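S.K.: curious how this folds, go ahead:
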Amino acid sequence: MTTTQRPPTVGDLMTPDPIVIRADAPLAEAVGIFDLSRVHGLPVVDAGGLLVGVLSQTDLVRARATEHLWSSWPGLAVRHLMTSPALTAVATMGVDEAARLMEERHVHRLVVVGEDEETPIGVISAGDIVRAMAEAIRDA
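M.R.: Numbers count the residues shown, from 1 in each chain. Model (predicted):
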């Protein structure tokens, strides 16, 4: 008898309980989180913990390369550089669909939201998908 395994979902591969940052946090705080946590993107939340955007290392590099942003750096908050709205996924979304969304929108991660579609519960990255691909190849 053979068993069929269901295709993996975003919930299977995501990193749960993501590190988040508030929109009003100074950029220096975000830089510190990126450096210490070795993450490449942060869900950005409002004072109530609801998702309002995402900040990536690429956003910070872009600011460093843009003269008017770099000269304003000390006064900038996360909200000034974040991408809003954040691209999101739900835990039940298929990995294939998540990969297509990342490819179409040219992003490396999706914030996984809870049933309210506003509270970040995880992050799925391109790296998570590639690791799953490598595991599937090893197991074949």
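
S.K.: quick one: the strands in this protein?
M.R.: 15-16, 21-22, 41-45, 51-56, 88-90, 109-113, 120-125 (DSSP state E).

S.K.: so for Q5, which of those sits nearest?
M.R.: Closest approach to Q5 among the strands of the chain (Cβ to Cβ): strand 120-125, 19.1 Å. Bear in mind the C-beta positions are built from the backbone N, C-alpha and C, glycine included.

S.K.: check which helices and strands the closest one sits against.
M.R.: Counting contacts by 3 or more Cβ pairs under 8 Å, 6 or more residues apart in numbering; DSSP states H and E, strand 120-125 packs against helix 10-13, strand 15-16, strand 41-45, strand 109-113.

S.K.: those: which one's closest to T92?
M.R.: When the helices and strands packed on strand 120-125 are compared by Cβ to Cβ, helix 10-13 sits nearest T92, at 6.5 Å.

S.K.: any idea how far the closest one is from the middle of the chain?
M.R.: Here the centre of helix 10-13 is set off from its chain's centre by 13 Å, with Cα atoms, centre = their mean, to the nearest Å.

S.K.: output it as CSV, nothing but the C-alphas.
M.R.: C-alpha atoms of helix 10-13 as CSV (Å, rounded to 0.1, in the frame of the first residue of the first chain):
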residue,chain,number,x,y,z
VAL,A,10,3.9,27.7,4.3
GLY,A,11,3.2,26.7,7.9
ASP,A,12,5.4,23.6,7.5
LEU,A,13,8.4,25.6,6.4
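
S.K.: contacting residues around P18?
M.R.: When the contact criterion is Cβ atoms under 8 Å, 6 or more residues apart in numbering, the partners of P18 are 42-43, 111-112, 120-123.

S.K.: what about the helix or strand bottoming out on mean pLDDT in the chain, distance to the chain center?
M.R.: Across the helices and strands of the chain, mean pLDDT, DSSP states H and E gives its lowest value to helix 67-71, namely a mean of 82. Distance of helix 67-71 from its chain centroid, counting by Cα atoms, centre = their mean, is 25 Å.
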